[in-house]
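**Q** Just to be clear, the model below is a prediction. Sequence and coordinates:
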Amino acid sequence: MRTTLLISALALTVASCATPPNRIKPIANAAPCTSQDRVRLAEISKVQAATATNDAVGVFLVGLPVGSMVGGADHKQEIGLLKGRCG
């Protein structure tokens, strides 16, 4: 019983980690890519990468996705849209 609970808690913790930007798939959309879109994609990709790294370190050290817990935003949806738009 304890083992099952521990495994479930660990799986939930790992699942709540931010996805690194290079693993986010583009979401197809017909909007044109602007220079502002490219700048925004670069900015939020940096934030997403830092949050994913902090989550990984936090899970390794204390078992919690620290990056997501302390205010690191998850921009997965927006990154996917901008990748689909800007290729």
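**A** Noted; the coordinates are in hand. On a predicted model such as this, the values are computed, not experimentally measured, just so you know.
**Q** all contacts plus neighbour counts: C-alpha atoms, from now on.
**A** OK.
**Q** Residue 41 and residue 81 touch, don't they?
**A** No: with contact defined as CA atoms under 8 Å, residue 41 does not reach residue 81; the gap is 9.4 Å.
**Q** Look through the chain and tell me its longest helix.
**A** helix 35-62 (DSSP state H).
**Q** and that helix, which residues are buried?
**A** 37, 41, 44-45, 47-59 (16 or more other CA atoms under 10 Å).
**Q** Off-centre distance for that helix?
**A** Relative to its parent chain, helix 35-62 has a centroid offset of 6 Å by CA atoms, centre = their mean, to the nearest Å.
**Q** I'd say residue 32 and residue 87 touch.
**A** No: judged on CA under 8 Å, residue 32 makes no contact with residue 87 at a distance of 10.4 Å.
**Q** what's the first-to-last distance across stretch 26-42?
**A** End-to-end distance for stretch 26-42: 14 Å, by CA to CA, to the nearest Å.
**Q** Same question for stretch 25-40.
**A** 17 Å.
**Q** Let me see the mean pLDDT of it.
**A** The pLDDT scores in stretch 25-40 average 94.
**Q** and if you look at stretch 58-68?
**A** On average, stretch 58-68 scores 86.
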